[in-house]
Structures are given as structure tokens and as C-alpha cells.
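> Below are the sequence and a predicted model; questions follow.
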Amino acid sequence: MKTKLYSALTFILFAISGCSVPNYLPKTKAIDVNQYGSYIKITRIEKSKVKGELLAADTSFLIVFADSSQYEIVKIVPVSNVKRFTLRYAQPKKYWWTMGVFPAICASHGWWAILSIPLNLIITAAVSISAENAFTYSQDDITYDQLRMFARFPGGIPSNIILSGKK
């Protein structure tokens with residue numbers, strides 16, 4: 001029994017630690033005044049994945065300020081080379097803490113805790129997962145032309161901006 005409990009707690013800790021978003025994404029109250037572009041993950045057909053801030057988008061190219069372990073670089077991805085994309089435009093609400101608190105409260109239910117604890121775990125997990133995906137779009141939800149609304153430069157890259165390979 002202890003092994004199952006430790007395994008469940010370890011799984012919950014891994015789930016919580018793996019859920020992070022870039023700091024430049026706005027909180028839900030500041031979505032309309034954010035000066036940065038949205039965070040996008042692009043799975044390309046032939047090459048590796050690209051993830052970072054969406055600078056500009058149109059029907060033929062996506063321009064991304066890509067996150068890299070060594071440095072940041074601007075990448076231009078042709079739409080014809082995109083297999084899938086996921087766009088996140090705001091930081092999600094975090095409800096993972098409820099998975100530990102609510103079942104602990106259910107321990108006071110006595111014998112009914114045998115039913116209420118699993119039920120609470122299922123419900124809080126469902127709410128946490130749906131809240132984590134609340135501020136995301138994929139190619140099933142939005143077109144490439146509509147992506148420009150979530151870019152830092154919705155009208156395209158201005159002529160005075162120089163796209164270089166260094167920060």
C-alpha cells in the first residue's frame with residue numbers, strides 16, 4: 001500500500017513540475033495589454049521542433065524568436081513545412097494543488113472516504129488538466145491567417161527591425 005501511495009505522490013510531483021510556461025506570457029487579467037507575442041510550439045515535417053515567441057505570421061511563413069539552450073535565434077518556418085502547432089497566449093491557472101488538499105479533507109468523511117477520495121481525485125485531475133489547456137489553440141482551432149492576432153508584430157515585421165542570430 002505504501003508503494004502505491006509513494007508512486008501516486010511521485011506522479012503528482014512530476015506532473016506539477018513539468019507544467020511551466022514562459023514568463024513573457026501574460027496573466028489572464030493582462031491578456032489585452034501584453035506587448036509580447038504568444039508562445040508557439042511548431043512540429044515540422046522534416047526537421048526538429050521549434051518553440052518560442054511568435055513574432056509574425058501570415059499564410060506562407062511563421063517567424064519565431066526560438067528558445068535555445070545556448071542562445072536565442074529568429075527562425076522563419078514555411079507554413080508548408082509545419083506538421084502541427086500549439087499556441088499558448090496566456091499563463092494557465094494552476095489547480096494542481098487541489099489534488100492533495102481535497103482528498104485530505106475527504107479523510108474526515110469516515111467510511112465514506114473510500115468513495116469520496118477517488119471521486120475527488122478524478123474530479124480535481126479533470127479540472128486541473130482542463131485549466132492547463134484553457135489558453136491554447138492548435139491548427140484544428142485556428143488558421144494560419146488568424147495566427148497574426150497572437151504575434152508580437154501582427155502587421156508583419158517592421159522595416160526598422162533587424163532579424164539577427166544573436167540576442
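Yes, it's here.
> Residue 151 - how many residues pack around it?
Neighbours of residue 151 under the rule other Cβ atoms under 10 Å: 24. Heads up, the C-betas are built off the backbone N, CA and C, glycines and all.
> Hmm, residue 52 and it touching each other?
No. Under the criterion of Cβ atoms under 8 Å, residue 151 makes no contact with residue 52, lying 11.8 Å away.
> mind listing what the residue nearest to residue 85 when sequence neighbours are not counted touches?
Spatial nearest neighbour of residue 85, chain neighbours left out: residue 42 (4.8 Å); criterion: Cβ to Cβ, 6 or more residues apart in numbering. Counting by Cβ atoms under 8 Å, 6 or more residues apart in numbering, residue 42 makes contact with 49, 50, 51, 62, 64, 77, 82, 84, 85.
> Find the nearest non-adjacent residue to residue 109, please.
For residue 109, ignoring the flanking residues on the chain, the nearest one in space by Cβ to Cβ, 6+ apart is residue 116 at 5.1 Å.
> likewise residue 155?
In this structure, residue 155 finds its nearest non-sequential neighbour in residue 148, 7.8 Å apart by Cβ to Cβ, 6+ apart.
> now the helices for the chain?
For the chain, the helices defined by DSSP state H occupy 2-17, 98-106, 113-132.
> residues in contact with stretch 107-123?
Residues from elsewhere that reach stretch 107-123 (Cβ under 8 Å, 6+ apart): 99, 102, 103, 106.
> Can you tell me which residue is spatially central in the chain?
Central residue of the chain (Cα atoms, centre = their mean): residue 88, 5.0 Å from the mean position.
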